[in-house]
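J.: quick one, structure for this:
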Amino acid sequence: MPNTPAPHLTNPRALLRHLFDAAVQRALPLHNTAAFLPQPPKGRTLVLGAGKAGGAMAQAVEALWPADAPLSGLVVTRYHHTPPRPDGLPQRIEVVEAAHPVPDAAGLAAAQRILQLTEGLTPDDLVLCLISGGGSSLLTLPCDGLTLEDKQRINRQLLDSGAPIGDMNTVRKHLSAIKGGRLAAACAPARVVTLTISDVPGDDVSTIASGPTVADASTCADALDILRRHGIDLPPAVRAQLESGALETPKPGDPRLARCETHLIATPQQSLDAAAEAARALGLRAYVLSDEIEGESREVGKVHAALARSTALGRSSFAKPCVILSGGETTVTVRPRTEGQARGRGGRAGEFCLGLAQALAGQPGVWALAADTDGIDGVEDNAGAIVTPYTLARAGALGLNISDHLARNDAYGYFEPLGDLVVTGPTHTNVNDFRAVLVA
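T.: The predicted structure follows:
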């Protein structure tokens, strides 16, 4: 490595954005689908799917599927996440949009239609399922006794509780008529091939979008325990069904799932590796911590700050200049509001940046970008934010107090006046959190 800083270090913002773009590019469906597509079957091919990458996944299949082979189906994605159609690409798969992260009536209608499309399938048919993160709320079909309003309330409470994604999806599976392997069971006796983009730590395919085509090892008792721990109420009739086991999901070994197979076509680790390769191509050292980091976003930010400070001071095994990369799915526990206090704006990436900036306390030579690879941090219009050595000083000059914003979970309100939000628009993929800390 040269002793003098390489030219790219003179523009840390552009460098960090370049690494984020490399990570997203690696996860785009069109780059990852061809190797996993099965041959057309003797019967018909039905495409079903849900997730933030659903529209792009459907277009990839349409572009790669033989023009003379029958193809039809329905995929649901998030509002405004359907990519523009390439010129000349015929639409054979219907794409509809619904709400995320709290489900709405459009998602309910889409799930009902998807389940109806499975009727009459034969052993000669192929069901190609396109599953990506966000499918849990987009593919919503409440179990008997549960209304859409009940599901919306439970979803909001789970999101605000700080529960890890595995726990949230255990509850979602058992309160659904389509998740937790139930969609695959409805497709029997057809062959079911699921192509999935992972947005969960450990790439557990039964957790991605609550595993609609994957056998579920969790139980009704597990779901009840999670609900009790977080103080979330259920209608008495639904609680009784959980207690009796009446809402149990298809388990490993269920014969209805015997002809099901699942392929991971893009993962968080692959995207982190792509960002690391992009950094090294510029002559910069790159260290990938993990793609499975969980925990409170602000606390994860503090840990990254400690590592960056020790590296900047020459006290760690990482040698500067370098970039430290990580992924996973952190959580935000929403703090109670005082009377008349507005709800803070922001998501996991912004909250990470608040915790990081506070702990760095203006450490010279450390810059960072944290963003959600789907382009949306929580429910806002930004993907994440950037932290610089001057963040606290610039914010202070504007009268912004970082402790106050942390107390209100208001990352958006802190970074927006600084011009330090990362805004990409929908990326049409989703491999979850991306974090890059540059120690120059």
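
J.: now do the same contact list for residue 212.
T.: 50, 129, 131, 135, 139, 178, 179, 180, 181, 182, 183, 184 (C-beta atoms under 8 Å, 6 or more residues apart in numbering). In this view, the C-beta of every residue, glycine as well, is placed from N, C-alpha and C.

J.: so which of those are in strands?
T.: Counting by DSSP state E, those place 50, 129, 131 in strands.

J.: export the residues you listed to a markdown table and tack on neighbour count and pLDDT?
T.: A markdown table is the format used below for the ones in strands among the contacts of residue 212 (neighbours: other C-beta atoms under 10 Å; pLDDT from 0 to 100):
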| residue | neighbour count | pLDDT |
| --- | --- | --- |
| 50 | 36 | 98 |
| 129 | 28 | 98 |
| 131 | 30 | 98 |
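
J.: out of those residues, which one sits closest to residue 194?
T.: residue 129 (4.2 Å; C-beta to C-beta).

J.: who's in contact with that closest one?
T.: Per C-beta under 8 Å, 6+ apart, neighbours of residue 129: 47, 48, 49, 183, 184, 192, 193, 194, 195, 212, 213.

J.: as JSON lines, the residues you listed with secondary structure would be great.
T.: Below are the contacts of residue 129 laid out as JSON lines (DSSP: H, G, I helix; E, B strand; the rest coil):
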{"residue": "47", "secondary structure": "strand"}
{"residue": "48", "secondary structure": "strand"}
{"residue": "49", "secondary structure": "strand"}
{"residue": "183", "secondary structure": "helix"}
{"residue": "184", "secondary structure": "helix"}
{"residue": "192", "secondary structure": "strand"}
{"residue": "193", "secondary structure": "strand"}
{"residue": "194", "secondary structure": "strand"}
{"residue": "195", "secondary structure": "strand"}
{"residue": "212", "secondary structure": "coil"}
{"residue": "213", "secondary structure": "coil"}
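
J.: quick one, which of the residues you listed are buried?
T.: 47, 48, 49, 183, 184, 192, 193, 194, 195, 212, 213 (16 or more other C-beta atoms under 10 Å).

J.: please report the distance of the last one from residue 297.
T.: Looking back up the chat, that one is residue 213. For residue 213, the distance to residue 297 equals 30 Å [C-beta to C-beta, to the nearest Å].

J.: with residue 14 instead?
T.: According to C-beta to C-beta, residue 14 and residue 297 sit 25 Å apart.

J.: before we move on, the earlier item: tabulate the ones in strands among the contacts of residue 212 (a markdown table), appending distance to residue 320.
T.: Formatted as a markdown table, the ones in strands among the contacts of residue 212 follow (distance: C-beta to C-beta, whole Å):
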| residue | distance to residue 320 |
| --- | --- |
| 50 | 43 |
| 129 | 45 |
| 131 | 40 |
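
J.: and of these, the nearest to residue 404?
T.: Taking C-beta to C-beta as the measure, residue 404 lies nearest residue 50 of the ones in strands among the contacts of residue 212, at 38.3 Å.

J.: show me what contacts residue 398?
T.: 417, 418.

J.: state the pLDDT value of it.
T.: According to the prediction, residue 398 has pLDDT 98.

J.: and the gap between it and residue 178?
T.: Residue 398 sits 47 Å away from residue 178, going by C-beta to C-beta.

J.: one more: residue 383?
T.: Per C-beta to C-beta, residue 383 is found 29 Å from residue 178.

J.: got it, and residue 165?
T.: If you measure residue 165 against residue 178 using C-beta to C-beta, the figure is 18 Å.

J.: what do you get for residue 271?
T.: Distance of residue 271 to residue 178, given as C-beta to C-beta: 28 Å.

J.: for this structure, what spans make up the strands?
T.: For the chain, the strands defined by DSSP E cover 45-50, 72-78, 93-98, 126-132, 191-197, 260-266, 285-288, 322-328, 366-372, 384-387, 421-422, 433-439.

J.: out of these, the one nearest residue 32 is which?
T.: Nearest to residue 32 among these is strand 260-266 (4.2 Å), distances taken as C-beta to C-beta.

J.: please name the strands paired to the closest one in the sheet, noting orientation.
T.: Looking at strand 260-266 with DSSP bridges, its partner strands are strand 191-197 (parallel).

J.: can you state the direction angle for the strand it pairs with and strand 126-132?
T.: 20 degrees (axes from the mean of the first three to the mean of the last three C-alpha atoms, to 10 degrees).

J.: quick one: pLDDT of the nearest residue to residue 140 once chain neighbours are set aside?
T.: Nearest residue to residue 140, sequence neighbours excluded (C-beta to C-beta, 6 or more residues apart in numbering): residue 103, at 3.7 Å. Residue 103 is assigned 94 on the pLDDT scale.

J.: ranges for the helices of the stretch 51-200 of the chain?
T.: Using DSSP state H, counting those that start in this stretch, the helices assigned to the stretch 51-200 of the chain run over residues 54-64, 105-117, 135-138, 148-161, 165-174, 182-187.

J.: single out the most deeply packed of the ones you listed.
T.: Most buried of those, by mean neighbour count (mean count of other C-beta atoms under 10 Å): helix 135-138, with a mean of 30.

J.: state the mean pLDDT of that helix.
T.: Confidence for helix 135-138, expressed as mean pLDDT, is 95.

J.: Serialize the strands of the chain to JSON lines and add fields for distance to residue 59.
T.: Output for those, formatted as JSON lines (distance: least, C-beta to C-beta, whole Å):
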{"stretch": "strand 45-50", "distance to residue 59": "11"}
{"stretch": "strand 72-78", "distance to residue 59": "10"}
{"stretch": "strand 93-98", "distance to residue 59": "8"}
{"stretch": "strand 126-132", "distance to residue 59": "10"}
{"stretch": "strand 191-197", "distance to residue 59": "13"}
{"stretch": "strand 260-266", "distance to residue 59": "14"}
{"stretch": "strand 285-288", "distance to residue 59": "30"}
{"stretch": "strand 322-328", "distance to residue 59": "25"}
{"stretch": "strand 366-372", "distance to residue 59": "21"}
{"stretch": "strand 384-387", "distance to residue 59": "26"}
{"stretch": "strand 421-422", "distance to residue 59": "25"}
{"stretch": "strand 433-439", "distance to residue 59": "23"}
